[in-house]
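Undergrad: predicted model and sequence follow; I will ask about them next.
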Amino acid sequence: AQKITQTQPGMFVQEKEAVTLDCTYDTSDPSYGLFWYKQPSSGEMIFLIYQGSYDQQNATEGRYSLNFQKARKSANLVISASQLGDSAMYFCAMREIYNQGGKLIFGQGTELSVKP
Amino acid sequence: NAGVTQTPKFQVLKTGQSMTLQCAQDMNHNSMYWYRQDPGMGLRLIYYSASEGTTDKGEVPNGYNVSRLNKREFSLRLESAAPSQTSVYFCASRSRDRELAYNSPLHFGNGTRLTVT
């Protein structure tokens, strides 16, 4: 069963506008963490933001925020005031606490293109 | 500030050849991981090492072996390469300062692009 689902293979956004990248997850573990990574065309994986399952508030890091809806099992990434440099692949990932090793399970990714 | 270093960056193999992908981290991290990235499939875990001296299979271990040589180094070996192993391979590491710490992100190397013909 797919544990992390990103239903948008590609997205376009106008520069300076906000964009939401969707992520839904499936787990029976009450303790888990959700992560977002950015992968620009150069290929490196860049950690953006983290949300814990018990966190009371939605995570924010600069222009990135996480719209965490626990009951719906969704953890959407919101990028405000998009910039050309935001064009990249974005991956949602989950860590379940019960699993050994702290491994992350990744979604398929969403390719974001920012138009000038 | 090297972080996680992978070698080589690019490699072309013929079917049946063997090779070892090297990974080293200088962040004193306990846990290390090997992922492969294929278009439309995200990153899939091949093997991981939760701590020095231990290794475990991930989601797609067939055709691979690993060695956790010491705390710094975690290598991935393809004994007999197949075209299905054409992929981008990422090594990652993570701190485990506290036993139940689950908010630490993975730190990734820059990847190895492998083509098997």
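TA: Good, I have the coordinates.
Undergrad: low-confidence ranges in chain A?
TA: The model of chain A has pLDDT under 70 over residues A:1-2, A:100.
Undergrad: flag every residue of it that's near chain B.
TA: Counting by CB under 8 Å from any CB of the partner chain, chain A comes close to chain B at A:4, A:6, A:9, A:31-33, A:35, A:43-45, A:47, A:50, A:52, A:91, A:93, A:95, A:97, A:100-109. Heads up, the C-betas are built off the backbone N, CA and C, glycines and all.
Undergrad: any of these buried? List them.
TA: For these, a burial check counting by 16 or more other CB atoms under 10 Å in any protein chain shown picks out A:4, A:6, A:32-33, A:35, A:45, A:47, A:50, A:52, A:91, A:93, A:95, A:97, A:101-109.
Undergrad: so what's the residue count around the residue nearest to B:Ser87 when sequence neighbours are not counted?
TA: Once flanking residues are discounted, B:Ser87 sits nearest to B:Arg36: 4.3 Å by CB to CB, 6 or more residues apart in numbering or on different chains. B:Arg36 is flanked by 24 other residues according to other CB atoms under 10 Å in any protein chain shown.
Undergrad: so B:Arg36 sits in a strand?
TA: Yes: using DSSP: H, G, I helix; E, B strand; the rest coil, the assignment for B:Arg36 is a strand.
Undergrad: residues near the closest residue to A:Glu17 other than its chain neighbours, how many?
TA: Of all residues not flanking A:Glu17 in the chain, A:Ser82 sits nearest, at 5.7 Å (CB to CB, 6+ apart). Neighbourhood size, A:Ser82 [other CB under 10 Å]: 20.
Undergrad: my read: A:Ser82 touches A:Lys16, true?
TA: Yes: A:Ser82 lies in contact with A:Lys16 (CB atoms under 8 Å); the separation is 6.4 Å.
Undergrad: one step back: what sits against the residue nearest to B:Ser87?
TA: By CB atoms under 8 Å, 6 or more residues apart in numbering or on different chains, the contact set of B:Arg36 is B:Leu43, B:Arg44, B:Ile46, B:Val60, B:Ser87, B:Val88, B:Tyr89, B:Phe90.
Undergrad: residues contacting B:Arg96?
TA: Counting by CB under 8 Å, 6+ apart, B:Arg96 has contacts A:Gly102, B:His29, B:Asn30, B:Ser31, B:Ala50, B:Ser51, B:Ser104.
Undergrad: can you flag which of these belong to strands?
TA: Here DSSP state E is the test, and those give B:Ser31 as lying in strands.
Undergrad: phi and psi next, for B:Phe83.
TA: One thing to correct before we go on: residue B:83 is Pro, not Phe. B:Pro83 has phi and psi values of phi -60, psi -30 when expressed as degrees, to the nearest 10.
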